[in-house]
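Novice: Only the shape, not the letters, is given here:
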């Protein structure tokens with residue numbers, strides 16, 4: 001199944017009743033989307049027992065003071081032991097950074113954490129463990145089955161809105177009230 005749409009750099013908003021409790025009220029930033037599949041990071045589900053400073057301690061990196069209380073997010077159910085940093089476009093790792101679009105980039109190498117600890121990292125960043133992945137045509141099928149809405153990703157929403165308010169804030173960009181959503185799909 002080839003897709004006529006490219007969701008790279010967009011947000012997926014989980015619909016009520018999607019059927020997968022791991023994605024209930026999730027907001028997913030799409031890092032890549034093509035005919036080969038899709039990859040994104042859940043950006044509104046901080047872990048309850050892990051802070052970035054804890055992760056840096058495990059990696060023997062001394063965190064900067066501004067990093068001590070930053071949350072680590074549940075990025076998705078795939079490779080949940082692997083770290084990803086979604087950040088603004090201005091930073092590029094010396095090893096590897098995926099440029100998503102003119103506003104966002106993603107780096108999954110240790111050097112970004114070292115740079116962040118040294119104050120040379122991106123101005124805005126979100127740390128996630130794991131990612132959400134879809135095989136060819138899988139995401140398109142989930143959207144057609146009323147599993148997801150899509151909207152533009154705005155830096156203020158991704159990096160500055162409190163995690164507990166991101167899902168509803170994304171819906172509001174579409175003019176949708178969360179209370180008006182239905183878990184049922186239909187056709188007119």
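Specialist: In hand now; what should we look at? Note that the coordinates shown come from a computational prediction; the quantities given were computed from them, not determined experimentally.
Novice: List the contacts of the helix or strand of the chain with the lowest mean pLDDT.
Specialist: The helix or strand of the chain with the poorest confidence is helix 52-58; it has a mean of 81 (mean pLDDT, DSSP states H and E). Identification of contacts with helix 52-58 by CB atoms under 8 Å, 6 or more residues apart in numbering yields 62-63, 67-72, 83, 113, 117, 127. All C-beta spots, glycine's among them, are computed from the backbone N, C-alpha and C.
Novice: how far does it sit from the chain's center?
Specialist: Mean C-alpha position of helix 52-58 versus that of the full chain (CA atoms, centre = their mean, to the nearest Å) differs by 20 Å.
Novice: any low-confidence regions in the chain?
Specialist: 1-3, 64-68, 181-188 (pLDDT under 70).
Novice: Mind checking which of the contacts of helix 52-58 are in helices?
Specialist: 113, 117 (DSSP state H).
Novice: So which of the contacts of helix 52-58 is the closest to residue 47?
Specialist: residue 72 (5.1 Å; CB to CB).
Novice: State whether the closest one and residue 47 are indeed in contact, as I suppose.
Specialist: Yes - if you go by CB atoms under 8 Å, residue 72 and residue 47 touch, sitting 5.1 Å apart.
Novice: Overlap of the contact sets of these two?
Specialist: Going by CB under 8 Å, 6+ apart, residues that sit against residue 72 and also against residue 47 are residue 129.
Novice: At the geometric centre of the chain, which residue sits there?
Specialist: The centre of the chain sits closest to residue 41, judged by CA atoms, centre = their mean, with a distance of 2.9 Å.
Novice: Flag every buried residue along the strand or helix carrying it.
Specialist: Element membership for residue 41 (DSSP states H and E) is strand 37-42. Buried residues in strand 37-42, counting neighbours by 16 or more other CB atoms under 10 Å, are found at 38-42.
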